[in-house]
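[1] predicted model and sequence below, questions to follow.
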Amino acid sequence: MKILITGICGFVGSTLTRALVESTPDLQITGVDNFIRPGSELNRRELAKLGVKILHADVRSATDIETLPAVDFVIDAAANPSVLAGVDGKTSSRQLLEHNLWGTVNLLEYCKAHRAGLILLSTSRVYSVPPLAALPVEVCEKAFRPKVGAGLPAGLSAAGVSEAFSTAPPISLYGSSKLASELLALEYAETFQFPVWINRCGVLAGAGQFGKADQGIFSFWINSHLRQRPLKYIGFDGGGHQVRDALHPRDLVPVLLAQMHQRGHGRPRIANFSGGAANSMSLAQLTDWCDARFGRHAVAGDAHPRPFDIPWMVLDASLAEKTWNWSPKISRPQILEEIAKHAEQNPHWLDISNS
């Protein structure tokens with residue numbers, strides 16, 4: 001099978017590629033990247049050693065995508081992944097949409113031309129912010145959780161946010177760009193009869209992620225703690241009780257292979273994939289883990305909220321388990337330890353991430 005991976009030299013794209021090469025050596029993988037992200041060239045060299053063909057192309061450019069060789073399936077891992085993109089005063093809202101939405105249009109046109117399937121890696125950030133921000137929570141063991149006995153919005157339970165949860169705006173420009181991409185992908189699939197799968201992922205984390213405060217939070221926090229860089233709990237009570245789940249990209253490989261061999265209908269086109277409640281933790285709990293691993297490091301607190309921030313985001317992946325017999329295998333402790341070892345071996349990783 002011939003596959004195309006976009007954003008192949010980013011953290012998710014490169015991690016998936018390595019895992020796919022290991023698990024299924026007969027795959028013919030072509031990757032594209034625009035190499036604008038810090039550290040991309042590092043991954044390019046490592047992937048080239050594996051025999052992966054990597055082309056310089058930008059998903060925003062229709063002519064770049066039109067000239068790519070034909071494949072059987074596209075895995076779209078190219079995106080601007082920050083929820084603050086386009087609204088933080090540092091980045092362009094137009095460029096965000098060009099990357100995340102118009103890039104999807106160009107890939108859909110490519111799939112239409114070559115009768116190729118598409119797997120769109122989407123995000124938990126397509127879910128509506130107001131009901132999540134107003135979620136009744138309580139602190140338990142230094143972490144928020146949905147308040148016991150409180151009325152919860154439809155589509156949300158102690159297991160997390162399901163696909164039935166509202167996607168009504170506001171969801172951020174980033175979330176809107178991904179949700180619009182989902183809708184267009186489904187329309188193209190129905191109109192032009194090629195397979196599309198939409199995988200809404202929780203927080204992806206692992207060694208080699210280019211961590212920043214607004215993306216790659218687990219990598220950013222562990223690297224910053226180790227290097228004694230300033231850290232701050234932002235928003236809510238300023239205590240770092242906000243919770244996210246962690247998912248290693250390698251855990252997606254079994255379902256990606258299954259989806260590429262399942263071209264027909266009969267299964268839900270959209271599903272959540274996440275570490276779930278078992279792989280979730282708060283920033284305060286992450287700090288405790290880092291304190292035990294590296295030694296104590298003080299963290300400041302600031303109760304002033306950031307745009308689109310929410311106290312508790314855990315995705316419920318029970319539909320993926322039912323549909324694809326899927327569940328995450330790499331535990332939260334394994335993910336954290338992998339990041340920690342990489343941080344110890346790469347003392348300049350934060351500088352690379354923010355260059």
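    Received it, and whenever you're ready, just let me know what you need.
[2] tell me how far the ends of stretch 248-257 are from each other?
    16 Å (C-alpha to C-alpha, to the nearest Å).
[3] residues contacting that stretch, please?
    The contact list for stretch 248-257 (C-beta atoms under 8 Å, 6 or more residues apart in numbering) reads 11-12, 15-16, 19-20, 23-24, 75, 119, 121, 199, 201, 204-206, 273, 275, 320, 324, 326, 328-330, 334-335, 338. All C-beta atoms are positioned from the backbone trio N, CA, C, and that covers glycine.
[4] list the ones among the residues you listed that fall in strands.
    Assignment to strands by DSSP state E places the following of those there: Ile75, Ile119, Leu121, Asn199, Cys201, Leu204, Phe273.
[5] quick one: which of those residues is nearest Leu97?
    Minimum distance to Leu97 across the ones in strands among the contacts of stretch 248-257 is 17.5 Å, recorded for Leu121 (C-beta to C-beta).
[6] what does the pLDDT read for the closest residue to Phe11 other than its chain neighbours?
    Ranked by C-beta to C-beta, 6 or more residues apart in numbering and with sequence neighbours excluded, the top spatial neighbour of Phe11 is Gln209, at 4.3 Å. With respect to pLDDT, Gln209 scores 94.
[7] wait, what's in contact with Glu138?
    Phe144, Arg145, Lys147, Val148.
[8] by neighbour count, which of those wins?
    Counting neighbours by other C-beta atoms under 10 Å, Phe144 leads these with 23 neighbours.
[9] now it: phi and psi?
    The phi and psi values for Phe144, taken as degrees, to the nearest 10, are phi -70, psi 150.
[10] among the contacts of Glu138, which lie within strands?
    The strands, defined by DSSP E, take in Phe144, Arg145 from the contacts of Glu138.
[11] tell me which of the contacts of Glu138 is nearest to Asn279?
    The closest of those, once distances to Asn279 are taken by C-beta to C-beta, is Arg145, at 14.6 Å.
[12] wait, that closest one touches Met313, no?
    No: when contacts are counted by C-beta atoms under 8 Å, Arg145 is not listed as touching Met313 (12.0 Å).
[13] buried members of the contacts of stretch 248-257 into PyMOL, please.
    Buried subset of those, written as a PyMOL selection, criterion 16 or more other C-beta atoms under 10 Å:
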select buried, resi 11+12+15+16+19+20+75+119+121+199+201+204+205+206+273+275+320+324+326+328+330+335+338
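[14] ok, which stretches of this structure are helices?
    For the chain, applying DSSP state H gives helices covering 11-23, 40-49, 62-66, 93-97, 103-114, 129-133, 172-192, 217-226, 253-260, 283-294, 318-324, 332-345, 349-353.
[15] pick the most buried one from the ones you listed.
    Highest mean neighbour count of those: helix 217-226, a mean of 23 (counted as mean count of other C-beta atoms under 10 Å).
[16] okay, now Ile54: neighbour count?
    For Ile54, the neighbour count with other C-beta under 10 Å is 21.
[17] ok, and the closest non-adjacent residue to it?
    Going by C-beta to C-beta, 6+ apart, Ile54 has Gly31 as its nearest residue, at 4.8 Å.
[18] that neighbour - how many residues pack around it?
    Gly31 has 27 nearby residues by other C-beta under 10 Å.
[19] right, and it touches Ile3 too?
    No: at 9.2 Å, Gly31 does not count as touching Ile3 under the criterion of C-beta under 8 Å.
[20] distance from stretch 244-259 to the middle of the chain?
    Chain-centre distance of stretch 244-259: 10 Å, with C-alpha atoms, centre = their mean, to the nearest Å.
[21] endpoint to endpoint, it covers what distance?
    Counting by C-alpha to C-alpha, you get 26 Å between the two ends of stretch 244-259.
[22] average pLDDT across it?
    Mean predicted confidence for stretch 244-259 is 98.
[23] one more: stretch 181-195?
    97.
[24] any idea how far it is from the chain center?
    That offset, for stretch 181-195, works out to 21 Å (C-alpha atoms, centre = their mean).
[25] contacts for it?
    Contacts for stretch 181-195 (C-beta under 8 Å, 6+ apart): 100-101, 104-105, 108, 111-112, 115-118, 120, 122, 126, 196, 198, 259, 262-264, 269-270.
[26] equivalent analysis for stretch 59-69, please.
    Contacts for stretch 59-69 (C-beta under 8 Å, 6+ apart): 2, 4, 6-7, 30, 32, 34, 55, 57-58, 76, 78, 98-99, 102-104, 106-107, 109-110, 113.
[27] low-confidence bits of the stretch 251-355 of the chain, can you list those?
    264-265, 355 (pLDDT under 70).
[28] before we move on, the earlier item: and the residue nearest to Phe11, how many neighbours?
    Neighbour count for Gln209, taken as other C-beta under 10 Å: 26.
[29] contact partners for it?
    Contacts of Gln209 (C-beta under 8 Å, 6+ apart): Phe11, Gly216, Phe218, Ser219, Ile339.
[30] also Phe210?
    Gly10, Phe11, Arg37, Pro38, Gly39, Gly216, Ser219, Ile352, Ser353.
[31] and the gap between it and Ser40?
    9 Å (C-beta to C-beta, to the nearest Å).
[32] need the overlap of contacts for the two.
    Common contact partners of Phe210 and Ser40 (C-beta under 8 Å, 6+ apart): Gly10.
[33] re earlier: got the helices of the chain as CSV, with distance to Asp237 columns?
    Formatted as CSV, the helices of the chain follow (distance: least, C-beta to C-beta, whole Å):
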stretch, distance to Asp237
helix 11-23, 31
helix 40-49, 38
helix 62-66, 46
helix 93-97, 30
helix 103-114, 38
helix 129-133, 14
helix 172-192, 22
helix 217-226, 18
helix 253-260, 37
helix 283-294, 10
helix 318-324, 30
helix 332-345, 23
helix 349-353, 27
